[in-house]
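1. Sequence and predicted model, in that order:
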Amino acid sequence: MITTLLVLAILSVFCLGLSRQVRMHGAIAEYDRDDARVNRLLDDGAGYAKYVLESRPAQAFPYTFVPVEEGLLDLTDNENIGLFIVEVGGKLNVNEVGRRVLEDILRQVVGVDSVAQDLAANIGDWLDSDPVGDAEADYYRALSLPYAPRNGAARRLEELLYVKGMMPLYFWGEDANHNLVLDPNENDGDASYPPDNTDGLLQFGLCDYLTAFESDGLNINSAPVHVWEVVLRCVLDADAHRAPVLAERIRAYRSGGDRVLGTPDDQRFESVDALGSVLGGDGEELVQRIQELCPLVVEPFGYEVTVRAALRDEHIARSCKLVLKLEDDSLLTMSYQEL
């Protein structure tokens, strides 16, 4: 009897272990299938974004969420794709902006003038070709996981996350979905992503002002208000207090009669000269001064597309960034990377 019970106990343990192993293999197989589905969704989303841009190549897409027509992609109830498209000319190139512009951006991002100046110096040292600098010294080599600064033009804006003194909040800001609106999850501290300071104001990050993607200049049809405020402050000098009003004039003109960007009545600047009349009495002079700071263009140059793919229960979600260059009304894929 005792032997029989012992054998039964051993068999029970064996069967239990076997059952767990079978369940584990089943769960792994299911995860692999779902993982493959999400990867397929990323590819489908990237292809859909390219289709949208090729269908409307003249549209600047300033900070635009693009709804996905699910019928075109044949999505199931448990599949979700989100697209966010930004025309790269709507941001300033980190490799070309001067120290003055960079410091102004950092003042808005950091909020403390001395910290902004130090961080601007550190970014300058990261990007310049001189291997010796106040911010560099032996700092990067002395880190527990040492690395070398770029000492040249940034290839990706995310490189700035490695710069001495940089913090994720400075880089990413609080506008997690980049819709230029303070949403509840962006004003609740650490209760939900992203982390924020609950001050009731939307704090932008460096990624909302800068890009490392080369373009022909600042696109006046896609640069958002906060980018215009930086540019205008830097050319107005003592009259910098006028910058928000003038930036709003540009936004109001582009948004058309309903004053809402992204609607059918939006207006485009057909020429750089047209910007002067919108800016007012000294508009022509201001345009000239802006052009000395950075060249202005009216046509899109390329696009940064962020694709987020997920199963709707969110147990698997993944994102990628697609960079496309517009050339002869055709879009060329410059890079594709998972985030």
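-> It's in.
2. Confirm that R318 sits in a strand.
-> Yes - counting by DSSP: H, G, I helix; E, B strand; the rest coil, R318 is located in a strand.
3. Can you give me the neighbour number for it?
-> 15 (other C-beta atoms under 10 Å). For every residue, glycine as well, the C-beta is placed using N, CA and C.
4. repeat for the one 5 residues further on
-> The local packing count at V323 equals 19, with neighbours defined by other C-beta under 10 Å.
5. and it, that one's in a strand?
-> Yes - assessed with three-state DSSP, V323 lies in a strand.
6. Mind jotting down where the helices sit in the chain?
-> Counting by DSSP state H, the chain has helices at residues 2-55, 70-73, 99-110, 113-127, 168-172, 225-236, 243-255, 273-279, 283-293.
7. If you count contacts, what does the fifth one end up packed against?
-> Pointing back at helix 168-172 there. Secondary-structure packing of helix 168-172 (3 or more C-beta pairs under 8 Å, 6 or more residues apart in numbering; DSSP states H and E): helix 99-110.
8. Try it again at 6 Å.
-> Under the contact definition 3 or more C-beta pairs under 6 Å, 6 or more residues apart in numbering; DSSP states H and E, helix 168-172 sits against no other helix or strand.
9. tell me the mean pLDDT over it?
-> Mean pLDDT, helix 168-172: 89.
10. do the same with the fourth one
-> This predicted structure assigns helix 113-127 an average pLDDT of 91.
11. Next, the buried residues of that helix.
-> Across helix 113-127, burial judged by 16 or more other C-beta atoms under 10 Å covers 115-127.
12. now the angle between helix 99-110 and it, please.
-> Here the directions of helix 113-127 and helix 99-110 differ by 120 degrees (axes from the mean of the first three to the mean of the last three C-alpha atoms, to 10 degrees).
13. Quick one: the buried residues of helix 113-127 as TSV, columns for distance to G257 too.
-> As requested, the buried residues of helix 113-127 are exported to TSV (distance: C-beta to C-beta, whole Å):
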residue	distance to G257
V115	42
A116	39
Q117	43
D118	46
L119	41
A120	40
A121	46
N122	45
I123	41
G124	44
D125	48
W126	45
L127	43
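14. and which of those is nearest to L293?
-> Distance to L293, by C-beta to C-beta, is smallest for A120 among those, at 16.1 Å.
15. Could you list the low-pLDDT ranges of this protein?
-> Residues of the chain meeting the criterion pLDDT under 70: 1-31, 56-65, 67, 70-71, 131-135, 137, 177-180, 262, 312-314, 339.
16. now for it, which residue lies nearest the mean position of the chain?
-> Residue closest to the mean C-alpha point of the chain, counted by C-alpha atoms, centre = their mean, is C207 at 5.4 Å.
17. Please report how far that one lies from G257.
-> For C207, the distance to G257 (C-beta to C-beta, to the nearest Å) stands at 32 Å.
18. and what of R249?
-> Taking C-beta to C-beta, one finds R249 at 15 Å from G257.
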